[in-house]
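[1] pasting the sequence and the predicted coordinates here, then a few questions.
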Amino acid sequence: MARTSTNLRNSGWNLANILIYPAAFLAATPFFINRLGESVFGEWMLMNSYVFISVHLVGFGLSHSIIAHVSEAVGKNNRQKLYAYINAATRVLGIMMIVSAFAGLVLLMAPMHETGFFDEYTWNTITVATFVISLKFPELLLQNIYKGFEYYNKASLFNIINRLLSLGFHILLVMKGYSILAIFAANAGVSFIIVLVQAVLIYRSLPSFKLQLVKRFRERKELYHFGFWTWLQTIIAVASYQMDRFLIAYYLGTATVAYYVLASTIANHLHMAFEAVVSWFLPKISRLKAAVRETSQHFHTIRAASVGFSLLLILGVYLISEPLFTLWLGPEKFSKMIHFFELFMIFEAFMIMSIVPKLYLNAIRSLSFITLLELMYKSGIIIGMIILFSIYNTAESLIWGQIIALICFMPLEYYFVNKRIIRGNTFRETILNFLPPLMVMGAILSPGWQVKALFIVFTVLLYWIIYIRDKNFKPKLLAE
C-alpha cells in the first residue's frame, strides 16, 4: 500500500480538502442565516463547536500519533510493526466510539430538559450531536491511516464527499423547514456510510492483515506517548480558539456569535489551508528520520514556502474582501462582519508562523518541547482575551487580545525553536522572521491605498530577502 511521496500532489489534495467544503458552505451561509435566523444560526455554530471540542478532547491526540507511527513503520519497511499500530489504533478509537455512543444513549434517556437548564429541543440536539461525535472516531482513524501511507488524495476525496453530501442534505432540510436537530441527524447518517466504505477499502488493501480488536498490542504505549503530548497541544489550542465564541454567546448573544464565528470560520479555514499545503511534512520527516536522513534543510525550505504562500493568500483575500463579501452577504450583513474579519487576518498573519515548527518538532519527537512552547503562547492568548474583554466588553477586544498575545509571545517561541534547529545568530533570525507579518499588519490597518500598497511592497521584498535568498532554501525539496 505504501508508495513514494509526491509533495505537490499531497499539497494539492490537502488544499482541495480544506477549501472546497468551506467555499460551498460559505456560499450557502446567507441562505442559512435568512432561513434559520441569526440566533438559530449562531446556535448551530456553537453546537458545531461542541462536536469539535469533544472529538479533540476525547481523541487523546491520536490523530497525529497514527500518522507519525504508520509513516515510520513504512519508512522502516516493517509490516509487523505497521499492522500492530493499525490494530492498536483501531482498538483504542473503537472503544472511544462505543463510549461516546453510550453517552448519547444516556443523554437520550436523561430528562435534563425538565430541570429548566435546557429546553427539550436543545437537549435533543445535543444528544444527536453526541452520536455524531461517536462516528468521528472511526473517521479519524481511517483518514489518518491513509495519511500515514501518504495517500492524502484518498483521505481528501472521502472527506470531501462526506462533507458535501452532508451540506446537500443541510440545504434540502432547511428548505423543507427542518431544524438543526435534523441537520445533525443527516450528518450522522452520511458519516456512517462513508466510514463503512473507507473501512472496507483500507483493511482489504493490506496484504495478510488480520483485524484483532481483543488483543492488546504493546505498540499502543507508543501511540499513547506520542498522543499524550499532541493531546495536550490540542487542549491548549481548543481552549484558546473556542473560548471566545462562548464568551460572546453568554455576554453579547448568539446573534453576535453568527457574524463573529463567520469571520472566525473564514480565518480558521484559511489557517487549515495553510497547514494542508505542508501537512505532508509530518509523515515525510517521520519517514526520513526512521531512515536516518538529514532533515534540517527540509525545515528551512518548507517554512519559507509556508510563510510565503500564507502571507500572499492573506493579502489577496483581504484586498478582495470588500467587493466579494458585499456581493456574498449584502451590505448590511457585510458591515456586521468586516471588522471581525480584518482583525482575524492580522491574527492569522502571526499565527501562520507556528505551523512548520510544530509539525517539524512533532515529527522529530521533540514532543515535550513543542508542547511547552504551545502552552506558553496559547496561555498568553487566553489571558489577553480575558483582560481586554473585561476592559472593553466588545467582540473586537477578544481578537485584539489574541493579536497582542501573539506579537508578544510568538517571537519568544521562535527564538527557542531557532536556537534548537538553526545554527547561527538566533536573535537576528527571530527578528527578521517577524518583519513580513508586521508589514501585513500595517497594510491591513493603514487608512489609505497608497500606504497599503507601500506595506505590501515591503512585505514582498522582506520575504524575498529573508527567506528565498537564504542559503538553506532548496526549492527542489518541494517537488520530490
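    Arrived safely, thanks for sending. Computed from a predicted structure; not experimentally measured.
[2] buried residues in stretch 66-81?
    66-75, 79, 81 (16 or more other CB atoms under 10 Å). Placement of C-beta: from N, CA and C, glycine included.
[3] quick check: mean pLDDT of that stretch?
    Mean per-residue pLDDT for stretch 66-81: 81.
[4] distance from the chain centre to that stretch, please.
    Relative to the centre of its chain, stretch 66-81 is centred 24 Å away, using CA atoms, centre = their mean, to the nearest Å.
[5] then stretch 243-256?
    Between the centre of stretch 243-256 and the centre of its chain there are 21 Å (CA atoms, centre = their mean).
[6] over to stretch 305-317?
    17 Å.
[7] neighbouring contacts of that stretch?
    266, 270, 273-274, 277-278, 345, 348-349, 352-353, 355-356, 433, 436-437, 440, 443, 456, 459, 463, 467-468, 478 (CB atoms under 8 Å, 6 or more residues apart in numbering).
[8] among those residues, name the ones in strands.
    Using DSSP state E, no member of the contacts of stretch 305-317 falls within strands.
[9] for the nearest residue to residue 30 once chain neighbours are set aside, which residues are in contact?
    Excluding its sequence neighbours, the residue lying closest to residue 30 (CB to CB, 6 or more residues apart in numbering) is residue 329, at 5.8 Å. Counting by CB under 8 Å, 6+ apart, residue 329 touches 29-30, 337.
[10] and the residue nearest the centre of the protein?
    residue 272 (4.8 Å; CA atoms, centre = their mean).
[11] doesn't residue 14 make contact with it?
    No: Residue 272 sits out of contact with residue 14 when judged by CB atoms under 8 Å, with a separation of 9.1 Å.
[12] pLDDT score for the residue nearest to residue 30?
    79.
[13] circling back to that earlier point, need the buried residues of stretch 66-81 in JSON lines (columns: distance to residue 121 and secondary structure).
    Formatted as JSON lines, these follow (distance: CB to CB, whole Å; DSSP: H, G, I helix; E, B strand; the rest coil):
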{"residue": "66", "distance to residue 121": "37", "secondary structure": "helix"}
{"residue": "67", "distance to residue 121": "39", "secondary structure": "helix"}
{"residue": "68", "distance to residue 121": "42", "secondary structure": "helix"}
{"residue": "69", "distance to residue 121": "43", "secondary structure": "helix"}
{"residue": "70", "distance to residue 121": "42", "secondary structure": "helix"}
{"residue": "71", "distance to residue 121": "45", "secondary structure": "helix"}
{"residue": "72", "distance to residue 121": "47", "secondary structure": "helix"}
{"residue": "73", "distance to residue 121": "48", "secondary structure": "helix"}
{"residue": "74", "distance to residue 121": "48", "secondary structure": "helix"}
{"residue": "75", "distance to residue 121": "51", "secondary structure": "helix"}
{"residue": "79", "distance to residue 121": "51", "secondary structure": "helix"}
{"residue": "81", "distance to residue 121": "49", "secondary structure": "helix"}
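[14] would you mind giving those residues as a markdown table with distance to residue 179 added?
    Formatted as a markdown table, those follow (distance: CB to CB, whole Å):
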| residue | distance to residue 179 |
| --- | --- |
| 66 | 35 |
| 67 | 37 |
| 68 | 41 |
| 69 | 42 |
| 70 | 40 |
| 71 | 43 |
| 72 | 46 |
| 73 | 46 |
| 74 | 46 |
| 75 | 49 |
| 79 | 49 |
| 81 | 48 |
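[15] list just the nearest of these to residue 97.
    Nearest to residue 97 among these: residue 66, at 14.7 Å, using CB to CB.
[16] nearest residue to the closest one other than its sequence neighbours?
    The nearest residue in space to residue 66 (CB to CB, 6+ apart) is residue 144, at 4.1 Å.
[17] what strand or helix carries that neighbour?
    helix 120-148 (DSSP states H and E).
[18] likewise for residue 318?
    Under the assignment here (DSSP H and E), residue 318 is part of helix 296-329.
[19] can you pull the buried residues of that helix?
    298-311, 313-315, 317-318, 321, 325, 329.
[20] quick one on the thing from earlier: who's in contact with the residue nearest to the centre of the chain?
    residue 18.
[21] please report how far it lies from residue 135.
    Here residue 272 is placed at a distance of 21 Å from residue 135 (CB to CB, to the nearest Å).
[22] nearest to residue 451, out of the buried residues of stretch 66-81: which one, please.
    Closest to residue 451, out of all of the buried residues of stretch 66-81 and judged by CB to CB, is residue 67, at 43.7 Å.
[23] show me where the stretch 1-150 of the chain has helices.
    Here the stretch 1-150 of the chain has its helices, by DSSP state H, counting those that start in this stretch, at 7-36, 38-58, 62-75, 79-109, 120-148.
[24] Serialize these to JSON lines and add fields for distance to residue 259.
    Output for those, formatted as JSON lines (distance: least, CB to CB, whole Å):
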{"stretch": "helix 7-36", "distance to residue 259": "9"}
{"stretch": "helix 38-58", "distance to residue 259": "8"}
{"stretch": "helix 62-75", "distance to residue 259": "30"}
{"stretch": "helix 79-109", "distance to residue 259": "30"}
{"stretch": "helix 120-148", "distance to residue 259": "22"}
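[25] out of the ones you listed, which gets nearest to residue 374?
    helix 62-75 (12.7 Å).
[26] the closest one vs helix 38-58, what angle?
    Angle of helix 62-75 versus helix 38-58, following axes from the mean of the first three to the mean of the last three CA atoms, to 10 degrees, is 50 degrees.
[27] pretty sure residue 38 sits against residue 261.
    No: between residue 38 and residue 261 there is no contact under CB under 8 Å: 10.9 Å.
[28] tell me the angle the helix holding residue 318 makes with helix 7-36.
    30 degrees.
[29] just for the stretch 351-480 of the chain, where's the confidence low?
    Counting by pLDDT under 70, the low-confidence segments of the stretch 351-480 of the chain come to 422-425, 477-480.
[30] what about residue 337, distance to residue 407?
    24 Å.
[31] try residue 392
    Following CB to CB, the distance that separates residue 392 from residue 407 is 18 Å.
[32] which of these two has more neighbours?
    Comparing residue 392 with residue 407 by other CB atoms under 10 Å, the one with more neighbours is residue 407, at 18 against 13.
[33] list the contacts for the more buried one?
    residue 350.
[34] likewise residue 432?
    462, 466.
[35] leaving aside the residues next to it on the chain, what's closest to residue 427?
    Here the residue nearest residue 427, using CB to CB, 6+ apart, is residue 415, at 6.8 Å.
[36] for the one you found, which three-state class applies?
    Recorded secondary structure, residue 415: helix (DSSP: H, G, I helix; E, B strand; the rest coil).
[37] again, but for residue 472
    Under three-state DSSP, the three-state class of residue 472 is coil.
[38] number of residues surrounding the residue nearest to residue 186 when sequence neighbours are not counted?
    Once flanking residues are discounted, residue 186 sits nearest to residue 169: 3.9 Å by CB to CB, 6+ apart. By other CB under 10 Å, 18 other residues sit near residue 169.
[39] check residue 384 too.
    24.
[40] separation between it and residue 188?
    37 Å.
[41] go on, residue 72?
    Distance from residue 72 to residue 188, by CB to CB: 34 Å.
[42] what sits against the residue nearest to residue 186?
    183, 186, 190.
[43] what of residue 387?
    residue 401.
[44] got it, and residue 341?
    Applying CB under 8 Å, 6+ apart, the residues near residue 341 are 263, 266-267, 321, 325.
[45] from those, which two are the most distant?
    Of all pairs in these, the most separated under CB to CB is 267 and 325 at 13.1 Å.
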